[in-house]
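Novice: Fold the following and give me the result.
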Amino acid sequence: MRTSLKIFGLIIFVFFPILVFGQAKISADSLIKQGVELGHNKKYDEAIAKFNEALKLNPDNQLANYELAYNLFISGKGNEALPYLEKVVKLNPKAGGAFDMLGTIYDNNKQPEKAIDYYLQGIKGDPEYQRLYFNVAITYYKTGKYTEAEQYAIDAIKLDPKHSGSQRAYAMATYRQRKRGCSLLGWCSFLLLEPQPTHSAEAFRYIKNIINYGIKKTDEKKINVSVNPDRPSNLVIPFTVITATENKKNLSPVDSLQLQLTALFKASRAFAADKEPTIIQHYFSDFFEKLGNSDNMPAFTRLVSMSAYRDENLQWFKDNPGKLEALDAWIKNTKREF
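Specialist: Prediction:
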């Protein structure tokens, strides 16, 4: 009998810590689940309290550390989130989301070098995490490193071609490098994803600036072109634009724009003449050359100029039913390759 009691006591002694640990784990998971739900309902302080409770039970719980950091960050307490994110990336060097948040916090703190360092660490650990490429492109752009911004924007586009912010980052970075043809195609690509007037006004201003750059009409028969020939492809734009509307009378602004964009798209292979990355030749130039040779340019022009000529363009679409659907179908059926 004594032997049986000893064995039973031994069993309790051995398995009791396991039972307690299992209960703690379940409790930590339950607290995390509650915290996530509270965070979704924007009850950030209550969510933070739940995650702190979970960490008392399991300090190395990666999810609890990350969710606590996220709720601190989203509630305006980014600096308080830093130690928890550092814990996450120490536990998991492939945690792209944690590196992304670290970079964003340091970028918000006006420490771009540190932000870039974390973004690049994240890319090394999680090379498929698209937002890291996008954010490092934006940070490089803000620090005036436009070549680097362009390259990482390209990488971001390759990972997610439908991410409009990456298209915008590419368009801005190339514009700052005076690669106006590349920037034009970037802005047009952006507008296919963000055609709403609230988002497209900036893009359309850039497009008009690029189209009109260096062109000055002195009188009815004389036009001066003043463009720095440092990039041969930049010379293509003004002469293509002038030729597109030459000797054409009584054109409306939208009609002129359509002729100009059509001619530029057909000549867009020249924009890659300055040894641009292959993305220009394929993803941008090939696509827009095909668009320029299609019957969809009237609808495309109306769509991208909606912010400037809203009433006129809406009326045109009303008078031409099916044109927008035809453009949309063409875009979906035209493969864009890198």
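Novice: Run through who's touching the helix or strand harbouring residue 240.
Specialist: Assigned by DSSP states H and E, residue 240 belongs to helix 232-245. Outside helix 232-245, the residues that touch it by C-beta atoms under 8 Å, 6 or more residues apart in numbering are 178-181, 184, 210-215, 223, 225, 227-229, 251, 256, 259-260, 262-264, 267, 270-274. Bear in mind the C-beta positions are built from the backbone N, C-alpha and C, glycine included.
Novice: Would you mind listing which of those residues are buried?
Specialist: Among those, those classed as buried by 16 or more other C-beta atoms under 10 Å are 178-181, 184, 210-211, 213-215, 227, 256, 259-260, 262-264, 267, 270-272, 274.
Novice: for stretch 100-113, what is the average pLDDT?
Specialist: Confidence for stretch 100-113, expressed as mean pLDDT, is 98.
Novice: how near is residue 33 to residue 67?
Specialist: Using C-beta to C-beta, to the nearest Å, residue 33 is found at 10 Å from residue 67.
Novice: Residue 97 and residue 130 touch, don't they?
Specialist: No. Contact criterion C-beta atoms under 8 Å: residue 97 and residue 130 do not qualify, at 11.4 Å.
Novice: what's around residue 318, how many residues?
Specialist: Neighbourhood size, residue 318 [other C-beta atoms under 10 Å]: 8.
Novice: List the contacts of the host helix or strand of it.
Specialist: Under the criterion of DSSP H and E, residue 318 resides in helix 310-319. Helix 310-319 has contacts (C-beta under 8 Å, 6+ apart) with 197, 252, 254, 298, 299, 302, 303, 305, 306, 323, 324.
Novice: Run through the residues that contact the fifth one.
Specialist: For residue 299, the residues meeting the contact criterion (C-beta under 8 Å, 6+ apart) are 317, 320, 323, 324, 326, 327.
Novice: How about residue 194?
Specialist: 164, 168, 200, 203.
Novice: Go through those and flag which are in helices.
Specialist: Counting by DSSP state H, the contacts of residue 194 place 164, 168, 200, 203 in helices.
Novice: neighbours of the last one, just the number please.
Specialist: Just to be clear, that refers to residue 203. Using other C-beta under 10 Å, residue 203 has 24 other residues around it.
Novice: With the first one instead?
Specialist: Neighbour count of residue 164, defined by other C-beta under 10 Å: 17.
Novice: wait, it sits on residue 193?
Specialist: Yes. The pair residue 164 / residue 193 is scored as a contact, 3.9 Å apart, by C-beta under 8 Å.
Novice: where does residue 13 land on pLDDT?
Specialist: 34.
Novice: Tell me who's in contact with the residue lying closest to residue 271 once chain neighbours are set aside.
Specialist: Once flanking residues are discounted, residue 271 sits nearest to residue 181: 3.1 Å by C-beta to C-beta, 6 or more residues apart in numbering. Applying C-beta under 8 Å, 6+ apart to residue 181 gives the contacts 210, 233, 234, 236, 237, 264, 268, 270, 271.
Novice: Also residue 116?
Specialist: Taking C-beta under 8 Å, 6+ apart as the test, what residue 116 contacts is 103, 136, 139, 140, 143.
Novice: ok, the first one - contacts?
Specialist: Right, the one you point to is residue 103. Residues counted as contacts of residue 103 (C-beta under 8 Å, 6+ apart) are 115, 116, 117, 118, 119, 122, 132, 135, 136, 139.
Novice: Since ChimeraX is what I'm using, could you give me a select command covering these, but only where they're buried?
Specialist: Of those, the buried ones can be selected in ChimeraX as follows, counting by 16+ other C-beta under 10 Å:
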select :115,116,117,118,119,122,132,135,136,139
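Novice: Save the contacts of residue 103 as CSV, and put in distance to residue 286 too.
Specialist: Below are these laid out as CSV (distance: C-beta to C-beta, whole Å):
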residue, distance to residue 286
115, 35
116, 32
117, 36
118, 36
119, 30
122, 32
132, 28
135, 28
136, 27
139, 30
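Novice: Just the CA coordinates for stretch 124-144, please, in PDB.
Specialist: What follows is stretch 124-144, C-alpha atoms only, in PDB (Å, rounded to 0.1, in the frame of the first residue of the first chain):
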ATOM      1  CA  LYS A 124      16.600  39.600 -45.800                       C
ATOM      2  CA  GLY A 125      14.500  37.500 -43.400                       C
ATOM      3  CA  ASP A 126      11.200  37.600 -45.300                       C
ATOM      4  CA  PRO A 127      11.900  38.500 -49.000                       C
ATOM      5  CA  GLU A 128       8.300  37.900 -50.000                       C
ATOM      6  CA  TYR A 129       6.900  40.600 -47.600                       C
ATOM      7  CA  GLN A 130       5.800  43.200 -50.200                       C
ATOM      8  CA  ARG A 131       5.200  46.100 -47.900                       C
ATOM      9  CA  LEU A 132       8.900  46.200 -46.700                       C
ATOM     10  CA  TYR A 133       9.900  47.000 -50.300                       C
ATOM     11  CA  PHE A 134       7.300  49.700 -50.600                       C
ATOM     12  CA  ASN A 135       8.100  51.300 -47.300                       C
ATOM     13  CA  VAL A 136      11.900  51.300 -47.900                       C
ATOM     14  CA  ALA A 137      11.200  52.900 -51.300                       C
ATOM     15  CA  ILE A 138       9.200  55.700 -49.700                       C
ATOM     16  CA  THR A 139      11.900  56.300 -47.000                       C
ATOM     17  CA  TYR A 140      14.600  56.300 -49.600                       C
ATOM     18  CA  TYR A 141      12.600  58.800 -51.600                       C
ATOM     19  CA  LYS A 142      12.100  61.100 -48.700                       C
ATOM     20  CA  THR A 143      15.900  61.100 -48.000                       C
ATOM     21  CA  GLY A 144      16.600  62.000 -51.700                       C
END
